[in-house]
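Undergrad: show me the folded form of this:
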Amino acid sequence: MLRSVQGIVLRSMDYGEGNKIISLFTPELGKVSIMARGAKKMKSRHAAVTQLFTYGDFVFFKQSGQMGTLNSAEIIEAHHALREDLYMSAYASYLVELTDKMLGDEEGSSYLFEQVKAGLAAIEEGKDMQIVVHLYEMKMFDLAGYLPVTDACVSCGAESPITAFSPAMGGILCARCRHKDPVAIPIGEGALKLLKLFPRMDMRRLGTIKVKEETKAQLKQCLRAYMDVHVGIQWKARGFIEQMEKYNI
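TA: You can find the predicted model right below:
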(Lines give C-alpha, C1' and ligand atoms only; values in the text may rest on other atoms or scores of the structure.)
Protein backbone atom coordinates (compact mmCIF):
# COMPACT_ATOMS: atom_id res chain seq x y z
CA MET A 1 0.00 0.00 0.00
CA LEU A 2 1.29 3.45 -0.92
CA ARG A 3 1.24 5.84 2.06
CA SER A 4 1.72 9.62 2.06
CA VAL A 5 2.49 11.14 5.47
CA GLN A 6 4.34 13.89 7.24
CA GLY A 7 7.11 12.61 9.47
CA ILE A 8 10.22 13.32 11.55
CA VAL A 9 13.39 11.25 11.17
CA LEU A 10 14.19 9.78 14.60
CA ARG A 11 17.10 7.60 13.51
CA SER A 12 19.05 7.10 10.31
CA MET A 13 21.50 4.26 9.80
CA ASP A 14 23.53 2.99 6.86
CA TYR A 15 22.51 -0.31 5.31
CA GLY A 16 24.48 -2.16 2.67
CA GLU A 17 26.38 -0.45 -0.13
CA GLY A 18 24.37 2.70 -0.56
CA ASN A 19 21.12 2.45 1.37
CA LYS A 20 19.76 3.84 4.62
CA ILE A 21 17.09 2.66 7.01
CA ILE A 22 15.25 5.45 8.79
CA SER A 23 12.97 5.34 11.81
CA LEU A 24 10.21 7.77 10.92
CA PHE A 25 7.68 9.19 13.39
CA THR A 26 4.33 10.10 11.87
CA PRO A 27 1.04 11.40 13.32
CA GLU A 28 -1.10 8.78 11.53
CA LEU A 29 1.01 5.63 11.64
CA GLY A 30 3.17 6.19 14.70
CA LYS A 31 6.76 4.97 14.34
CA VAL A 32 7.64 3.15 11.12
CA SER A 33 10.89 1.84 9.61
CA ILE A 34 11.59 2.71 5.98
CA MET A 35 14.31 1.68 3.54
CA ALA A 36 15.69 4.57 1.49
CA ARG A 37 17.55 2.99 -1.41
CA GLY A 38 20.65 4.84 -2.58
CA ALA A 39 20.33 7.47 0.17
CA LYS A 40 24.01 7.13 1.22
CA LYS A 41 25.13 8.47 -2.15
CA MET A 42 25.87 12.20 -2.14
CA LYS A 43 23.85 12.86 -5.31
CA SER A 44 20.86 10.83 -4.18
CA ARG A 45 17.54 12.66 -4.08
CA HIS A 46 16.98 10.99 -0.70
CA ALA A 47 20.30 11.99 0.90
CA ALA A 48 19.08 15.20 2.55
CA VAL A 49 15.60 14.08 3.59
CA THR A 50 16.91 11.02 5.47
CA GLN A 51 19.10 13.04 7.84
CA LEU A 52 18.36 13.04 11.57
CA PHE A 53 15.71 15.54 12.79
CA THR A 54 14.39 16.22 9.27
CA TYR A 55 10.67 17.02 9.14
CA GLY A 56 9.10 16.39 5.78
CA ASP A 57 6.47 14.88 3.49
CA PHE A 58 7.18 11.20 2.82
CA VAL A 59 5.65 8.82 0.29
CA PHE A 60 6.47 5.16 0.78
CA PHE A 61 5.22 1.71 -0.11
CA LYS A 62 4.49 -0.65 2.77
CA GLN A 63 2.96 -4.08 2.96
CA SER A 64 1.61 -5.45 6.24
CA GLY A 65 4.39 -6.81 8.45
CA GLN A 66 7.16 -5.60 6.16
CA MET A 67 9.51 -2.61 6.14
CA GLY A 68 8.42 0.29 3.99
CA THR A 69 10.34 1.48 0.91
CA LEU A 70 10.71 5.20 0.31
CA ASN A 71 9.37 6.44 -3.02
CA SER A 72 9.72 10.19 -2.66
CA ALA A 73 10.07 12.91 -0.04
CA GLU A 74 10.11 16.66 0.33
CA ILE A 75 11.72 18.58 3.19
CA ILE A 76 9.45 20.86 5.23
CA GLU A 77 12.02 21.76 7.91
CA ALA A 78 15.63 20.55 7.62
CA HIS A 79 16.72 21.62 11.13
CA HIS A 80 20.28 22.29 9.98
CA ALA A 81 21.09 24.17 13.21
CA LEU A 82 20.29 21.11 15.30
CA ARG A 83 22.98 19.12 13.50
CA GLU A 84 25.57 21.90 13.34
CA ASP A 85 25.58 23.02 17.00
CA LEU A 86 27.08 20.54 19.50
CA TYR A 87 24.72 21.40 22.37
CA MET A 88 21.60 21.54 20.24
CA SER A 89 22.54 18.29 18.54
CA ALA A 90 23.03 16.50 21.88
CA TYR A 91 19.69 17.59 23.37
CA ALA A 92 17.75 17.09 20.14
CA SER A 93 19.31 13.62 19.82
CA TYR A 94 18.12 12.75 23.31
CA LEU A 95 14.59 13.90 22.47
CA VAL A 96 14.36 11.72 19.34
CA GLU A 97 16.15 8.81 21.05
CA LEU A 98 13.52 8.86 23.81
CA THR A 99 10.84 8.64 21.14
CA ASP A 100 12.55 5.93 19.13
CA LYS A 101 13.42 3.64 22.04
CA MET A 102 10.25 4.04 24.11
CA LEU A 103 7.80 3.50 21.25
CA GLY A 104 7.20 0.20 19.48
CA ASP A 105 6.52 -0.17 15.77
CA GLU A 106 3.39 1.68 14.67
CA GLU A 107 3.03 3.11 18.18
CA GLY A 108 2.46 6.80 18.86
CA SER A 109 -0.17 9.50 18.48
CA SER A 110 -0.76 12.78 16.68
CA TYR A 111 -0.43 14.60 20.03
CA LEU A 112 2.98 13.05 20.73
CA PHE A 113 4.08 13.84 17.18
CA GLU A 114 3.24 17.49 17.77
CA GLN A 115 5.22 17.41 21.04
CA VAL A 116 8.32 16.07 19.26
CA LYS A 117 7.96 18.61 16.46
CA ALA A 118 7.51 21.47 18.94
CA GLY A 119 10.41 20.23 21.07
CA LEU A 120 12.85 20.24 18.16
CA ALA A 121 11.63 23.71 17.16
CA ALA A 122 12.01 24.99 20.73
CA ILE A 123 15.63 23.78 20.92
CA GLU A 124 16.42 25.38 17.57
CA GLU A 125 14.78 28.64 18.70
CA GLY A 126 17.13 28.86 21.68
CA LYS A 127 14.70 27.96 24.45
CA ASP A 128 16.15 26.27 27.54
CA MET A 129 17.18 22.84 26.22
CA GLN A 130 17.20 21.19 29.62
CA ILE A 131 13.63 22.31 30.34
CA VAL A 132 12.53 21.11 26.89
CA VAL A 133 13.84 17.57 27.45
CA HIS A 134 12.53 17.37 31.03
CA LEU A 135 9.09 18.38 29.80
CA TYR A 136 9.28 15.71 27.12
CA GLU A 137 10.57 13.07 29.56
CA MET A 138 7.37 13.56 31.56
CA LYS A 139 5.32 13.03 28.39
CA MET A 140 7.12 9.74 27.83
CA PHE A 141 6.66 8.65 31.46
CA ASP A 142 2.95 9.33 31.08
CA LEU A 143 2.77 7.35 27.84
CA ALA A 144 4.57 4.38 29.40
CA GLY A 145 2.44 4.44 32.56
CA TYR A 146 5.33 5.50 34.79
CA LEU A 147 4.27 9.07 35.54
CA PRO A 148 5.55 10.03 39.01
CA VAL A 149 3.08 11.14 41.68
CA THR A 150 3.55 14.89 42.06
CA ASP A 151 0.22 16.21 43.42
CA ALA A 152 0.58 14.74 46.93
CA CYS A 153 2.91 12.61 49.04
CA VAL A 154 3.21 9.21 47.37
CA SER A 155 3.23 7.53 50.80
CA CYS A 156 0.49 9.20 52.86
CA GLY A 157 -1.30 11.54 50.43
CA ALA A 158 -0.48 14.74 52.27
CA GLU A 159 -0.19 17.81 50.06
CA SER A 160 2.33 19.59 52.29
CA PRO A 161 4.99 20.09 53.41
CA ILE A 162 6.71 18.36 50.47
CA THR A 163 10.47 18.07 50.95
CA ALA A 164 11.80 15.31 48.70
CA PHE A 165 11.40 13.24 45.55
CA SER A 166 11.75 9.46 45.72
CA PRO A 167 12.48 7.71 42.41
CA ALA A 168 12.19 4.31 44.11
CA MET A 169 8.79 5.04 45.67
CA GLY A 170 7.50 6.77 42.54
CA GLY A 171 6.94 10.37 43.53
CA ILE A 172 7.18 13.17 46.06
CA LEU A 173 7.44 12.73 49.83
CA CYS A 174 6.25 14.95 52.66
CA ALA A 175 8.43 15.81 55.65
CA ARG A 176 6.71 13.15 57.79
CA CYS A 177 7.41 10.37 55.25
CA ARG A 178 10.85 11.53 54.19
CA HIS A 179 12.51 8.89 56.38
CA LYS A 180 10.94 6.08 54.33
CA ASP A 181 13.51 6.62 51.59
CA PRO A 182 16.94 7.59 52.97
CA VAL A 183 18.23 8.40 49.46
CA ALA A 184 15.25 10.52 48.39
CA ILE A 185 16.30 13.72 46.61
CA PRO A 186 15.63 17.04 48.41
CA ILE A 187 13.57 19.43 46.29
CA GLY A 188 12.58 23.04 46.65
CA GLU A 189 9.40 24.88 45.76
CA GLY A 190 10.57 25.74 42.24
CA ALA A 191 11.38 22.15 41.24
CA LEU A 192 8.15 20.88 42.81
CA LYS A 193 6.10 23.43 40.87
CA LEU A 194 7.64 22.34 37.55
CA LEU A 195 7.25 18.63 38.32
CA LYS A 196 3.54 19.28 38.84
CA LEU A 197 3.25 21.46 35.74
CA PHE A 198 5.12 19.34 33.17
CA PRO A 199 2.54 16.52 32.76
CA ARG A 200 -0.19 19.05 31.91
CA MET A 201 1.91 21.40 29.79
CA ASP A 202 1.77 21.39 25.99
CA MET A 203 5.22 21.75 24.40
CA ARG A 204 3.68 24.00 21.75
CA ARG A 205 2.89 26.59 24.45
CA LEU A 206 6.34 26.62 25.99
CA GLY A 207 7.52 30.20 26.24
CA THR A 208 10.90 31.63 27.09
CA ILE A 209 11.08 30.83 30.79
CA LYS A 210 13.85 31.55 33.26
CA VAL A 211 14.58 28.78 35.74
CA LYS A 212 17.11 29.11 38.54
CA GLU A 213 20.21 26.95 38.19
CA GLU A 214 19.50 25.38 41.58
CA THR A 215 16.02 24.38 40.43
CA LYS A 216 17.36 22.97 37.16
CA ALA A 217 19.97 20.95 39.05
CA GLN A 218 17.25 19.43 41.26
CA LEU A 219 15.06 18.62 38.24
CA LYS A 220 17.97 16.98 36.47
CA GLN A 221 18.84 14.84 39.46
CA CYS A 222 15.22 13.82 40.06
CA LEU A 223 14.30 12.93 36.48
CA ARG A 224 17.55 11.19 35.57
CA ALA A 225 17.29 9.02 38.68
CA TYR A 226 13.61 8.33 37.99
CA MET A 227 14.38 7.39 34.38
CA ASP A 228 17.12 4.99 35.50
CA VAL A 229 14.90 3.31 38.10
CA HIS A 230 11.73 2.91 36.05
CA VAL A 231 12.90 2.68 32.43
CA GLY A 232 16.44 1.35 32.68
CA ILE A 233 17.56 2.08 29.12
CA GLN A 234 21.13 3.15 28.37
CA TRP A 235 20.68 6.48 26.60
CA LYS A 236 23.48 7.22 24.14
CA ALA A 237 22.58 10.91 23.79
CA ARG A 238 22.15 11.44 27.53
CA GLY A 239 25.54 9.84 28.10
CA PHE A 240 27.06 12.38 25.72
CA ILE A 241 25.29 15.25 27.52
CA GLU A 242 26.66 13.98 30.83
CA GLN A 243 30.16 13.88 29.38
CA MET A 244 29.80 17.51 28.24
CA GLU A 245 28.63 18.47 31.73
CA LYS A 246 31.48 16.58 33.37
CA TYR A 247 34.18 18.27 31.33
CA ASN A 248 32.36 21.65 31.01
CA ILE A 249 32.40 21.48 27.23
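Undergrad: mind listing residues that contact the helix or strand that contains residue 220?
TA: Taking DSSP states H and E as the definition, one finds residue 220 inside helix 213-230. Applying CB atoms under 8 Å, 6 or more residues apart in numbering, the external contacts of helix 213-230 come out as 128, 130-131, 134, 137-138, 141, 146, 148, 165, 167-168, 170, 185-188, 190-191, 194-195, 211, 233, 235, 238. Using the backbone N, CA and C atoms, a C-beta is placed for each residue, glycine as well.
Undergrad: so for this structure, the centremost residue is which one?
TA: residue 95 (2.8 Å; CA atoms, centre = their mean).
Undergrad: so which bits of stretch 205-221 are buried?
TA: 206, 215, 216, 218, 219, 220, 221 (16 or more other CB atoms under 10 Å).
Undergrad: what is the end-to-end distance of it?
TA: Start and end residues of stretch 205-221 are separated by 25 Å (CA to CA, to the nearest Å).
Undergrad: measure the nearest residue to residue 154 once chain neighbours are set aside to residue 102 for me?
TA: Counting by CB to CB, 6 or more residues apart in numbering, residue 171 is the residue found nearest to residue 154 once chain neighbours are left out, at 3.4 Å. For residue 171, the distance to residue 102 equals 20 Å [CB to CB, to the nearest Å].
Undergrad: which SSE is immediately downstream of the longest strand along the chain?
TA: In the chain, assigned by DSSP state E, the strand with the most residues is strand 2-15. Next helix or strand after strand 2-15 toward the C-terminus (DSSP H and E): strand 19-26.
Undergrad: can you tell me what sits against that following strand?
TA: With CB under 8 Å, 6+ apart as the criterion, strand 19-26 contacts 5-15, 31-40, 46, 50, 58, 67, 70, 96, 99-100, 103, 108, 113, 116.
Undergrad: doesn't residue 211 make contact with residue 194?
TA: Yes: counting by CB atoms under 8 Å, residue 211 is a contact partner of residue 194 at 7.3 Å.
Undergrad: any common contacting residues for these two?
TA: Common neighbours of residue 194 and residue 211 (CB under 8 Å, 6+ apart) are 131, 219.
Undergrad: contacting residues for the residue of the chain positioned farthest from its centre?
TA: The C-alpha centroid of the chain is most remote from residue 176, which lies 34.3 Å away (CA atoms, centre = their mean). Residue 176 makes contact with 153, 156, 158 under the criterion CB under 8 Å, 6+ apart.
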